[in-house]
Structure formats: structure tokens, C-alpha cells
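Trainee: prediction below, plus the sequence it came from.
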Amino acid sequence: MSRKFHVYGNWKMHNNVAASRALAQAVVDATAAARDRVVTGMAPVFLSLAAVRDTVPAHPHLKVLAQNGYPAPKGAFTGEVSFALIQDLGCDGVILGHSERRQIFGETDAFIAQKVQAALAAGLEVVFCVGETLEEREAGRTWEVVGRQIDAVLPGVAPAARARLIVAYEPVWAIGTGRTATPAQAQEVHKLIRDRVVELWDAAGAAELIIQYGGSVKAENAAELFACPDIDGGLVGGAALDAAGFAKIIAAAAAVLR
Ligand code: PGA
């Protein structure tokens, strides 16, 4: 199995331009030792993307990502940013389908599918997030929900774009709550996702698909999560805002032998 660990920081609506630049530089410095083993990503707010792009050296294992985008190429969409504009800035990718977009901004599976197609068509990498709420998990509906989210998007991804799609499994009840899924809970869903991708794509595509876990990943729990065979890294929120702590998560990934 040759999947590299991918550990990305989702900075959400934190940090002004100066603070974003400083955090990006600190992450680049603190993760240098792991650079050949772990793909590291940073997703600042739109307004800081240019500064972070300037700060992060061009390297295949260092990625700068936006946190959103709009599926039309251009036009009268006041306040929106197209994927072509994100790509033009030199960004590598974009996070889509995050539970905060789904829950706070009402994004549907169909709209997220449109966004994923448009972002991939613009040449970007996509971190496509899925995950169930606590209510759904407790009602035994985890796979019904996550499977539906996967089925809404993955069949439409053209074979040539598949290598640019990352899936992030982020149980909503674990995001920002300090309550992490146990490695067994996360591994179970990651395996279900990979098995489904065998059916939707093929065995080779499923074997190469990077599936990140997200939801209260921190230095203290990263190693046990990354030891799971179908967990290929993390999408990290709160713990990515501190370069030293984030570097420990990257180091935990670098220490896993695959
Ligand atoms: P968290 O956020 O690490 O703060 O739980 C993860 C995410 O929302 O991507």
C-alpha cells in the first residue's frame, strides 16, 4: 500500500493576514523534517490565501487550500469566489462539503456535488468532507448518511480527476467538541467508504484514495488514529492553529511505517 499521509489544517475563520503569514511560516519550519513523508496542507481564509501562498515554498508535499468556492466560472454572483480564481492565485486545492457549510449555510448534497465537479474541472485538489451528526449516529444511521453523501459525489468524478479527490470523514459530533471518534469508530467508517469506492470506481481507485479523519485530532490522539489501516491522515481544525502542536500531528503521521 503506497498511500502517503495527508495532514491538512483547516484554519476556519481565524487569523488576519499577518497572523496567517506567521502561522504558515511556523508550520513550514516546524514540519521540515517530515516533508518527504507527509503531505501538509494549510487552508486560511480567502483574504490570507495570497500571503500564505507567498510564504509556503513550492513543493509537492506542501499545499495551500481555500475553504470554499462557487461552482460558476464567473458572473453576477456578488460575494462569491470561483474555483478558477482560486486556482489563478496558485492555490492547490479547496475544502468542500464541510459540516459547517452543510449545517450553517444549508449546502445540500447536490450543490456540493456541483462544487466538487467545478473545482476538479478547474484543476484543483478537493478535500470532500462527509460525516454524520450525533443524532444520526445514535439512531444507527451513520452509514446511511455517510453513504448517501459519498454516493452524491463520487460517481460523478471522472477517472482522470480521481487522484485529486481526498475524502475527509468528519463525524459532526467530534468537530470542535474535544470528543474524538475512537480509532475503531473512525476505522469502521473509513473502511465502509473505501469498500463503497471499490463499487463506485474500482479496486485500484479505492486503494489509492486518501481518506482523512477529522474531528478533534490533536497531538495526543493522532498516533492511534494514524495507526488504523484506512486512515490516511487528518483534517485538523483547532489544533492546526498552533504550529508546534500541528507539527506533532505531522510527526505522528511521519512515524507510521506503511
Ligand atoms: P476540529 O475541526 O479539529 O477543531 O475538531 C476539524 C474540522 O472541522 O475540519
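Mentor: Happy to help now that I have it. Residues are numbered from 1 along each chain as shown.
Trainee: can you say which helix or strand has residue 235 in it?
Mentor: In this structure, residue 235 sits in strand 233-236 according to DSSP states H and E.
Trainee: got it, and residue 136?
Mentor: helix 134-138.
Trainee: mean confidence score for that helix?
Mentor: Averaging pLDDT along helix 134-138 yields 94.
Trainee: is it in proximity to the ligand?
Mentor: No: Helix 134-138 stays clear of the ligand (CB under 6 Å from any ligand atom), getting no nearer than 13.7 Å. No exception for glycine: its C-beta is placed from N, CA and C like everyone else's.
Trainee: what comes up buried for the very next helix or strand once past that helix?
Mentor: In the C-terminal direction, the helix or strand that comes right after helix 134-138 (DSSP H and E) is helix 142-153. Neighbour-count burial for helix 142-153, counted by 16 or more other CB atoms under 10 Å, picks out 142-143, 145-147, 149-150, 152-153.
Trainee: export helix 142-153 as CSV, just CAs?
Mentor: The C-alpha coordinates for helix 142-153 follow below in CSV (Å, rounded to 0.1, in the frame of the first residue of the first chain):
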residue,chain,number,x,y,z
THR,A,142,-24.2,6.6,10.3
TRP,A,143,-23.6,4.7,7.1
GLU,A,144,-27.0,5.6,5.7
VAL,A,145,-25.9,9.3,5.9
VAL,A,146,-22.2,9.0,5.0
GLY,A,147,-23.0,6.6,2.2
ARG,A,148,-25.6,9.0,0.8
GLN,A,149,-23.0,11.8,0.9
ILE,A,150,-20.4,9.7,-0.8
ASP,A,151,-22.9,8.5,-3.5
ALA,A,152,-23.9,12.1,-4.2
VAL,A,153,-20.4,13.0,-5.3
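Trainee: centre of the chain to it, how far?
Mentor: 17 Å (CA atoms, centre = their mean, to the nearest Å).
Trainee: and it, what does it pack onto?
Mentor: In terms of contacts (3 or more CB pairs under 8 Å, 6 or more residues apart in numbering; DSSP states H and E), helix 142-153 is packed against helix 109-121, strand 125-130, helix 134-138, helix 183-200.
Trainee: just these: most buried one?
Mentor: strand 125-130 (a mean of 26; mean count of other CB atoms under 10 Å).
Trainee: partners of that one in the sheet?
Mentor: strand 93-96 (parallel), strand 165-169 (parallel) (DSSP bridges).
Trainee: adding distance to the ligand, mean neighbour count and mean pLDDT, write these out as a markdown table.
Mentor: A markdown table is the format used below for the strands paired with strand 125-130 (distance: least, CB to the nearest ligand atom, whole Å; neighbours: other CB atoms under 10 Å; pLDDT from 0 to 100):
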| stretch | distance to the ligand | mean neighbour count | mean pLDDT |
| --- | --- | --- | --- |
| strand 93-96 | 8 | 27 | 98 |
| strand 165-169 | 7 | 25 | 98 |
